[in-house]
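# Would you be able to build a 3D model of this:
(4 chains)
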Number of protein chains: 2
Amino acid sequence: MTTERLQGAIDTLKNTKVRMTPQRHAILEYLFESMTHPTADEIYKALEGQFPNMSVATVYNNLRVFKDVGIVKELTYGDASSRFDCVTTEHYHVICNECGKIVDFEYPGIDEVESLAAHVTGFEVETHRMEIYGKCQPCAEQTTKH
Amino acid sequence: MTTERLQGAIDTLKNTKVRMTPQRHAILEYLFESMTHPTADEIYKALEGQFPNMSVATVYNNLRVFKDVGIVKELTYGDASSRFDCVTTEHYHVICNECGKIVDFEYPGIDEVESLAAHVTGFEVETHRMEIYGKCQPCAEQTTKH
DNA sequence: TTCTTACTTTATAACCTTTATAAAATAGTG
DNA sequence: CACTATTTTATAAAGGTTATAAAGTAAGAA
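The predicted structure follows:
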């Protein structure tokens, strides 16, 4: 399942003349296996054992390459580090304000917002972004008991 | 109109025991008069004439104070600088990918997303964020002609 | 009005994420 | 196997934001 999608990503790269390197393979593998939307630094730290000499720049460079090719999405949150999400189906994120956990969430109904916004503002609308913030169940429980 | 809202903000601060300083007053005034959702640096530069010795830290500190009190909202966009929006009614933003222009946009219909997300994920949902990205009319025209 | 004190401002340095640079290494083609 | 354009590495630097400590000041009390 994840290996299939990983293979698909590797094929996509091959088709766009992006060279496969051990570092790239490892970063991809980590992205597709982890369900946690990791930050660049988390990826870097996770692969330290495998690639003691890998540079942070390599992680950032490759994440950008993956993003340009369209197999990875960057999730930006102000000051904090970006998180990276290997693209599958369209989905939104529900984010815990306490622990930062990110949960995927499907909701197909919002696309009409784009056409309305285009109509009202005159923009050529391309995309939208939506996130939902709150407290995940474990964090909510911890707050309740004192 | 804007002066009324400004006065309201000042009153809010007084009620929360936040001291009024000339710098604070000027930052607030600038925020309420400008319709551009300025960055901290833009505010800093705009007030340079009035306060030649003001420190950037003052701008950041006060924006945080205003945010905590609830009279200002921070809009975060990854690497780029945060923008600050004096809170009025609930609204969304339509953002130009070319020139960065931000246009306000009302759309009351999305609140049901929150309850659905709460139901599906078990989160205690608090807020959501949505933005629409595209090309504003002037930028779209510039791209078309060559 | 003046005093007092806690809150603010200033100036500066530091932090953190991300990007630029140039030299060394290497993937993939012929 | 050799060639070359692409990657990696190591390092420095950029850019936004925050921490710190000393100096200044708002606002209530006397």
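# State the phi and psi torsions of residue A:61.
For residue A:61, the backbone dihedrals (degrees, to the nearest 10) come out as phi -60, psi -50.
# what's the answer for residue A:86, then?
Dihedral angles for residue A:86 - degrees, to the nearest 10 - are phi -70, psi 130.
# how near is it to residue A:61?
17 Å (CB to CB, to the nearest Å). (Glycine included, C-beta is placed from N, CA and C.)
# looking at it, residue A:110 is touching residue B:110, isn't it?
Yes - checked against CB atoms under 8 Å, the pair residue A:110 and residue B:110 is within contact range at 6.6 Å.
# list residues touching both of these two?
The contact sets of residue A:110 and residue B:110 overlap at A:130, B:130 (CB atoms under 8 Å, 6 or more residues apart in numbering or on different chains).
# and the most centrally placed residue in chain A, what helix or strand is that in?
Geometric centre of chain A, nearest residue: residue A:85, 1.7 Å, by CA atoms, centre = their mean. If you go by DSSP states H and E, residue A:85 is part of strand A:83-86.
# touching chain B at all, the next helix-or-strand element following that strand?
Downstream of strand A:83-86, the first helix or strand assigned by DSSP H and E is strand A:92-96. Yes - counting by CB under 8 Å from any CB of the partner chain, chain B has neighbours in strand A:92-96: A:92, A:94, A:96.
# Pretty sure residue A:50 sits against residue A:26.
Yes - proximity of residue A:50 to residue A:26 meets the contact threshold set by CB under 8 Å, at 5.8 Å.
# lowest confidence element among the helices and strands of chain A?
The helix or strand of chain A with the lowest confidence, counting by mean pLDDT, DSSP states H and E, is helix A:137-144 at a mean of 83.
# other SSEs contacting that one?
If contacts are counted by 3 or more CB pairs under 8 Å, 6 or more residues apart in numbering or on different chains; DSSP states H and E, helix A:137-144 sits against no helix or strand.
# Of residue A:86 and residue A:61, which one has the most company?
Counted by other CB atoms under 10 Å in any protein chain shown, residue A:86 and residue A:61 do not tie: residue A:86 has more neighbours, with 20 against 13.
# Give me the distance between that one and chain B.
Distance check for residue A:86 against chain B: by CB to the nearest CB, to the nearest Å, it reads 18 Å.
# and residue A:67, what does it touch?
By CB under 8 Å, 6+ apart, the contact list for residue A:67 reads A:73-74, A:84.
# Oops, could you answer that again for residue A:130 instead?
Contact analysis of residue A:130 by CB under 8 Å, 6+ apart lists A:92, A:110, B:110, B:113, B:128-131.
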